[in-house]
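Peer 1: Please find the sequence and the predicted model below.
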Amino acid sequence: MFTGIIESVGKVKSMQPTGGDIRLTIESDELDFSDVKLGDSIASNGICLTVVDFGSNHYSVDVSRETIARTALETLKAGHIVNLEKAMLPTTRFGGHIVAGHVDGVGVVSKLQQDARSIYIEIEIPQELAHYTATKGSITVDGISLTTNLVQDNIVSLNIIPHTAQVTNIAKHWLVGSKVNIEVDIVARYLERLINKSQASAMAAPSPQSQITEAFLADNGFMK
């Protein structure tokens, strides 16, 4: 579980093909590795990945073909900057929103321009994810918890303040046409499932049988 508040950025050190999968190694002089251990989860550009090796300033993860196919990871190259967040603790300040690290799809930056001191960005997300978003709602983009300005069809607009742009990969790598990892608000997914389940149960349930019969009416003086 994560919050979408980026702890630091890292740099892709290597992407080594291994038996059809990829061994990804990321180095960072900013991330605190003092409490990292094998098997820990670190969100890398919003993808929850398991640490299989680490050192004083780097860690390695194995990335399956399923993850490669469903994320923008294939666009990474050695030297690329990625957003990093270690799994949250019960004592962690919850500064963003609930982020699972399970990428729902890949979006494309369709517009990017300066807006006063912030950066105005529009991202085209997969059509099937659009109904999970809402104006002034939360969305995770490359692991960053962001608030949507406006949602029009499958276009999500955002304003990125200078601090967020500088401490993430936005200022360094986002351009028109860039592919980004999208995770919709998990609460919206659970609500959809609950509503669909409730509607299905209501349709399947037999109509209640009336307890009012001719005998009941006769016994209570309504029939002679």
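Peer 2: Arrived safely, thanks for sending.

Peer 1: Excluding chain neighbours, what is closest to the residue nearest to the spatial centre of the chain?
Peer 2: Centroid-nearest residue in the chain: Glu183, 2.3 Å away (criterion: C-alpha atoms, centre = their mean). Using C-beta to C-beta, 6 or more residues apart in numbering and skipping residues adjacent in sequence, the residue nearest Glu183 is Thr140, 4.0 Å away. To be clear about C-beta, it is placed using only N, CA and C from the backbone, and glycine gets the same treatment.

Peer 1: quick one on the thing from earlier: checking my notes, the residue nearest to the centre of the chain in a strand, right?
Peer 2: Yes - applying DSSP: H, G, I helix; E, B strand; the rest coil, one finds Glu183 inside a strand.

Peer 1: thinking again about what came up before, I'd say the residue nearest to Glu183 and Ile5 touch.
Peer 2: No - with contact defined as C-beta atoms under 8 Å, Thr140 does not reach Ile5; the gap is 10.8 Å.

Peer 1: Comparing these two, which shows the higher neighbour count?
Peer 2: Using other C-beta atoms under 10 Å, the more surrounded residue of Thr140 and Ile5 is Thr140, with 29 against 19.

Peer 1: Tell me what the more buried one is bridged to.
Peer 2: Ser145, Glu183 (DSSP bridges).

Peer 1: quick one: contacts for it?
Peer 2: Gly4, Gly46, His97, Val99, Leu146, Asn181, Ile182, Glu183, Val184 (C-beta atoms under 8 Å, 6 or more residues apart in numbering).
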